[in-house]
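S.K.: I would like the atomic coordinates for the input below:
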Amino acid sequence: MSGKFELKTSRNGEYMFNLIASNGKVILTSETYPERRNALKGIESVRANAPLDERFERKMSDSGKPFFVLMAANGVVIGRSQMYSSAASMEKGIASVKTHAPEAELVDTTAQ
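M.R.: Purely as a prediction, here's the structure:
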């Protein structure tokens, strides 16, 4: 199984997506979007920006856990990772996004 984007409705009624790796784990979560079409554009932005290492911003949480954000060319955050236990684990997460995002299938669970 390859990676997939899962488009869904969030608790507040807006749209969001997760990028899920071939092992079933969420490796990137989007912001919420008021319109479905904008969430779909967000997915396309992840596909386009994921191969570019300079689009990944490596960060540290207040509790000292590493995580990353994926930025669009205009500097807007298009997705965030989970918190990782180490910088090495975070780098594996980034590599997984780079591998899975460009060709990930879209699973749309929203009512159209």
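S.K.: For the residue positioned nearest the centre of the chain, give the beta-bridge partners.
M.R.: The residue lying closest to the centre of the chain (C-alpha atoms, centre = their mean) is Leu28, at 2.8 Å. Assessed by DSSP bridges, Leu28 has beta-bridge partners Leu19.
S.K.: pretty sure it is touching Val77, no?
M.R.: No. Contact between Leu28 and Val77 fails when scored by C-beta atoms under 8 Å: they sit 10.8 Å apart. Every C-beta, even on glycine, is put in place using the N, C-alpha and C of the backbone.
S.K.: residues shared between the contacts of those two?
M.R.: Leu70 (C-beta atoms under 8 Å, 6 or more residues apart in numbering).
S.K.: before we move on, back to that, contacting residues for the residue nearest to the centre of the chain?
M.R.: 18-19, 46, 70, 79-81, 97, 101.
S.K.: hmm, which two among these are most spread apart?
M.R.: Taking every pair in the contacts of Leu28 and measuring C-beta to C-beta, the maximum separation is 13.9 Å, between Arg80 and Ala101.
S.K.: From what I see, Asp108 and Leu7 are in contact.
M.R.: Yes. Counting by C-beta under 8 Å, Asp108 touches Leu7, with 4.7 Å between them.
S.K.: Which one of those two is surrounded by more residues?
M.R.: When Asp108 and Leu7 are compared for neighbours, Leu7 comes out ahead with 21 against 16, by other C-beta atoms under 10 Å.
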